[in-house]
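In: Sequence and predicted structure are below.
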Protein chains: 2
Amino acid sequence: MRDTPGATQQSATERHAISADLIAVLVAAPNGNPVVLTIKEAAALPSGPFELGHRSLQSGLRNWVEQQTGHPLGYIEQLYTFADRDRGSDGPAGRVISISYLGLTRVEPAHGTPPGSWRGWYEFFPWEDHRTGAPNIIQELIVPRLRQWADTAEQQDKRQNRLRRAGSAFGFDGRPWNEELVLQRYELLFEAGLVEEAARAKDIGDAPAMPGKPMVGDHRRILATGIARLRTKIKYRPVVFELMPPSFTLLQLQRAVEALAGLLVHKQNFRRLIEQQDLVEETGEMSSDTGGRPAKLFRFRHAVLDEHAVAGTK
Amino acid sequence: MRDTPGATQQSATERHAISADLIAVLVAAPNGNPVVLTIKEAAALPSGPFELGHRSLQSGLRNWVEQQTGHPLGYIEQLYTFADRDRGSDGPAGRVISISYLGLTRVEPAHGTPPGSWRGWYEFFPWEDHRTGAPNIIQELIVPRLRQWADTAEQQDKRQNRLRRAGSAFGFDGRPWNEELVLQRYELLFEAGLVEEAARAKDIGDAPAMPGKPMVGDHRRILATGIARLRTKIKYRPVVFELMPPSFTLLQLQRAVEALAGLLVHKQNFRRLIEQQDLVEETGEMSSDTGGRPAKLFRFRHAVLDEHAVAGTK
DNA sequence: ATCCATATGCTTAGCATGAGCATAAGCACT
DNA sequence: AGTGCTTATGCTCATGCTAAGCATATGGAT
């Protein structure tokens, strides 16, 4: 940075050996199924070079996505910017800066398949779906492997530290499961050499054998960042509605939230929360295709966005 | 992005007409005074080109800061990446991508002045300091100006919308003050043409006359982003401790939190919160230079970071 | 008519939060 | 020593939110 004693004065050509990429974590939730847009047989997130012509990063991304999916992007948020060496993405031309975004949209089957496919995001993180209780692989695979990994540390305190981190991330040793720690969990598995990407990066010959589809480069890490961000966000901002059709039942809304959080919620409390915050209003119609008593249809009250600092769900 | 119909195939040189800058919002809080590191007579945040040699953005920033301030950077967090055209920072060489960071540190007067100066951050945002009640300028200057601005909108609903936004941002018309809305407030003032930067950007001849020191480019906006982030963060992560000396009294800690939040907090409740969360432990020493009854000295319990998903203060 | 599934209203216990009362323990005066 | 000022520290109470569950309503299917 300026005034840095050790800083070399770079020549113009050196300084410009940089290019920028956009990477998108595009999320939808058609009937309670959390999905993400992928390319290359679900091995990568959609990405591409940042075009100089664009007015801004955001508008570049928005244009591209709307063209591809044929549906407006409801919500965009920047996730993180990566520029590490050793990310494997530096081309021969120099350092690549990757700017990742989280985007929410509705899937519109009518518009044909985008050049890529929507994949359930728990394909990539099977340990993250606790809607039907904690997945077996946690107790059967992950916990023992992490204990093993903790044991391989030399010093006592390091072993304890690893164990604590593992316990708090995956909710064992009496700790509760915290659905927001998606990134910590992935990074822990990575550090322990339990995901394929780790073996790839460190040239370890470990047999990972851990369920969960790997991705190119650090894409799975970026996806984890996006999921974590979304799980946090829905609690204090009404962003779920970006995933919903114009009108919906409260159960459909609940299923969407549960899909994202990977947890079930208490139905009555969920409704109370939504209604007391005036997040929705009745359309007057009913939906009878729910299999039980017909449910009122609701729509999102866009007005709330201006009204007060709005909380989210849960 | 890839597969974009309208995407031009850029030549290598075109693609590389990009350079990257780091911009830092470096915060400290010596005896309950919130300060930020500035350069150029407090008109700019420290920044400089991203050096290709660095392993990562984070490490580049960390090295630089530690060299400059002679003090380790406790906490770093990425704020936002800007690459808009019209940011005024695109040089002749092409588009500049600016990656901004928030960093927390302790000020160490012994190490001499860094090439820049620490400035109280309320010099830039006088309306943000509510520690001694709401500043007069809000009722006397800001509210009337914003009402005026709202009135200039043509349509009725637009007027109402402006009024609602202003009311919720600055806490009038019966709304509570929300200290987290730092960025919204700055952007509102900008949009209403009430800060100098706005006049600069839009070539308006408005007399701003609004207190609060302007900055170069969008640096004040970045600073607002940093303050907002920090005000949110202290509520759910124990980051204040990065600003504290190794041992401190609970009142000193409270003053630091109040400095950041721009609000006073209830002393007894603050202590209860800190202690019940086991965020600190007694050192055994007492401090008698407090002017009243001597206070116990505490230190931060670093162990909590591993223990559970730790909440912050307030 | 009965069962099943969902919708919807209401109650209760526990916990966190905001606010205030009361007491303790130093210092600086007189 | 006594008074007053300042800060530290302990405790209580009212309120509100949250988790959890009970109970009833209402449609379809058998």
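Out: Alright, I've got the coordinates.
In: from here on, contacts and neighbour counts on C-alpha atoms
Out: Will do.
In: From the structure, what's the count of residues near residue A:272?
Out: 11 (other Cα atoms under 10 Å in any protein chain shown).
In: helix or strand for it, which one?
Out: helix A:267-276 (DSSP states H and E).
In: got it, and residue A:27?
Out: strand A:18-28.
In: just checking, what packs against that strand?
Out: If contacts are counted by 3 or more Cα pairs under 8 Å, 6 or more residues apart in numbering or on different chains; DSSP states H and E, strand A:18-28 sits against strand A:35-38, strand A:47-49, strand A:95-104, helix A:219-233, strand B:18-28.
In: can you dump the C-alpha coordinates of it into PDB?
Out: Presented in PDB, the C-alpha positions along strand A:18-28 are these (Å, rounded to 0.1, in the frame of the first residue of the first chain):
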ATOM      1  CA  ILE A  18      -5.000  -8.900 -12.800                       C
ATOM      2  CA  SER A  19      -8.300 -10.000 -14.000                       C
ATOM      3  CA  ALA A  20     -11.600 -10.200 -12.300                       C
ATOM      4  CA  ASP A  21     -14.200 -13.000 -12.300                       C
ATOM      5  CA  LEU A  22     -17.700 -13.000 -11.000                       C
ATOM      6  CA  ILE A  23     -19.000 -16.200  -9.300                       C
ATOM      7  CA  ALA A  24     -22.600 -16.600  -8.400                       C
ATOM      8  CA  VAL A  25     -24.400 -18.600  -5.800                       C
ATOM      9  CA  LEU A  26     -27.900 -18.600  -7.200                       C
ATOM     10  CA  VAL A  27     -30.500 -20.100  -4.900                       C
ATOM     11  CA  ALA A  28     -34.100 -21.100  -5.400                       C
END
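In: wait, does stretch A:234-249 contact chain B?
Out: No - Stretch A:234-249 lies out of reach of chain B by Cα under 8 Å from any Cα of the partner chain, never closer than 11.8 Å.
In: partners of the strand holding residue A:27, with directions?
Out: strand A:35-38 (antiparallel), strand A:47-49 (antiparallel), strand A:95-104 (parallel) (DSSP bridges).
In: tell me the angle of the last one relative to helix A:219-233?
Out: Per axes from the mean of the first three to the mean of the last three Cα atoms, to 10 degrees, the angle that strand A:95-104 makes with helix A:219-233 is 40 degrees.
In: which parts of strand A:95-104 are buried?
Out: Residues A:95, A:96, A:97, A:98, A:99, A:100, A:101, A:102, A:103, A:104 are the ones in strand A:95-104 that count as buried (16 or more other Cα atoms under 10 Å in any protein chain shown).
In: quick check, distance from it to the centre of its chain.
Out: Chain-centre distance of strand A:95-104: 13 Å, with Cα atoms, centre = their mean, to the nearest Å.
In: which residues are in contact with that strand?
Out: For strand A:95-104, the external contacting residues (Cα atoms under 8 Å, 6 or more residues apart in numbering or on different chains) are A:17-28, A:73-83, A:85, A:89-90, A:222, A:226, A:242-243, B:52, B:81.
In: How is the residue in the stretch 201-314 of chain A that DNA strand D sits nearest to classified with respect to secondary structure?
Out: Residue of the stretch 201-314 of chain A nearest DNA strand D, by Cα to the nearest atom of the strand: residue A:293 (3.3 Å). Classification of residue A:293 by DSSP: H, G, I helix; E, B strand; the rest coil places it in coil.
In: What sits closest to residue A:285 if chain neighbours are left out?
Out: Using Cα to Cα, 6 or more residues apart in numbering or on different chains and skipping the chain neighbours, the partner closest in space to residue A:285 is residue A:297 (5.6 Å).
In: Can you name the helix or strand that that neighbour falls in?
Out: Applying DSSP H and E, one finds residue A:297 within strand A:295-300.
In: could you say what helices and strands that strand packs with?
Out: Using 3+ Cα pairs under 8 Å, 6+ apart: strand A:295-300 touches helix A:250-261, strand A:280-287.
In: Would you format the ones you listed as JSON lines with mean pLDDT included?
Out: As requested, these are arranged in JSON lines below (pLDDT from 0 to 100):
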{"stretch": "helix A:250-261", "mean pLDDT": "96"}
{"stretch": "strand A:280-287", "mean pLDDT": "91"}
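In: Buried deepest among those, which one?
Out: Ranked by mean neighbour count, the helices and strands packed on strand A:295-300 are led by helix A:250-261 with a mean of 22 (mean count of other Cα atoms under 10 Å in any protein chain shown).
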